[in-house]
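Asks: below is the structure, and that's it, no one-letter string:
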């Protein structure tokens, strides 16, 4: 993140280089001394440069990172290892999964682990495809939505799913804070 900040500052300083050089020449040499007008111009240019360095693009690889997290969990899932979602989950994660009848929210990583653990070894090996993923990024929060299609190793289709996954940037990494899975009918 810090590298992005400095790259942005360097780019802006190149773009404003001639203006800054001119203002400092005026600042230093104007009538042999300093004037309030020149100090104001230099301060304004410095503030503009620093303001431009406060980029909304601090997470420029967020889409790749979040899709990679989802794929890492789905890769394990396709091999009947459900703990991939525990690996990417935050301690305070909430989770909705499709269950016939009662649809209660699962709260906390320990509860998600407890919910998913009995499914280990019960999911048939398969290949999957993330269809039409969309990531909406809002500073330190990202929402991933997609459809999931899967085929068993014999080519038989598994149910199609739609998913919403919310990630939060915390402690230098993206963590899943909410997941909602629903089967697609019809």
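Replies: Arrived safely, thanks for sending. No experiment lies behind these values; they were computed from the predicted model shown. Numbering: from 1, shown residues only.

Asks: and residue 126, how many neighbours?
Replies: Neighbour count for residue 126, taken as other C-beta atoms under 10 Å: 19. C-beta: built from backbone N, CA, C; applies to glycine.

Asks: now do the contacts for it.
Replies: Listed by C-beta atoms under 8 Å, 6 or more residues apart in numbering, the contact set of residue 126 reads 78, 150-153, 158.

Asks: just the buried members of those?
Replies: Taking 16 or more other C-beta atoms under 10 Å as the criterion, what is buried in the contacts of residue 126 is 78, 150, 158.

Asks: kindly reformat those residues as a markdown table containing secondary structure and distance to residue 104.
Replies: Converted to a markdown table, the buried ones among the contacts of residue 126 look like this (DSSP: H, G, I helix; E, B strand; the rest coil; distance: C-beta to C-beta, whole Å):
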| residue | secondary structure | distance to residue 104 |
| --- | --- | --- |
| 78 | coil | 26 |
| 150 | strand | 25 |
| 158 | coil | 24 |
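
Asks: pipe those residues into JSON lines and attach pLDDT per row.
Replies: Formatted as JSON lines, the buried ones among the contacts of residue 126 follow (pLDDT from 0 to 100):
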{"residue": "78", "pLDDT": "97"}
{"residue": "150", "pLDDT": "97"}
{"residue": "158", "pLDDT": "95"}
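
Asks: which one among those gets closest to residue 86?
Replies: residue 78 (15.9 Å; C-beta to C-beta).

Asks: least confident secondary structure element in the protein?
Replies: Lowest on mean pLDDT, DSSP states H and E among the helices and strands of the chain sits helix 2-15, with a mean of 42.

Asks: follow-up on the earlier one: same list (the contacts of residue 126) but as TSV, adding distance to residue 180.
Replies: What follows is these, written out as TSV (distance: C-beta to C-beta, whole Å):
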residue	distance to residue 180
78	20
150	18
151	23
152	24
153	28
158	19
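
Asks: who's in contact with the closest residue to residue 165 other than its chain neighbours?
Replies: What sits nearest to residue 165 in space, not counting adjacent residues and going by C-beta to C-beta, 6 or more residues apart in numbering, is residue 144, at 4.4 Å. Residues in contact with residue 144 (C-beta under 8 Å, 6+ apart) are 66-67, 70, 133-135, 163-167.
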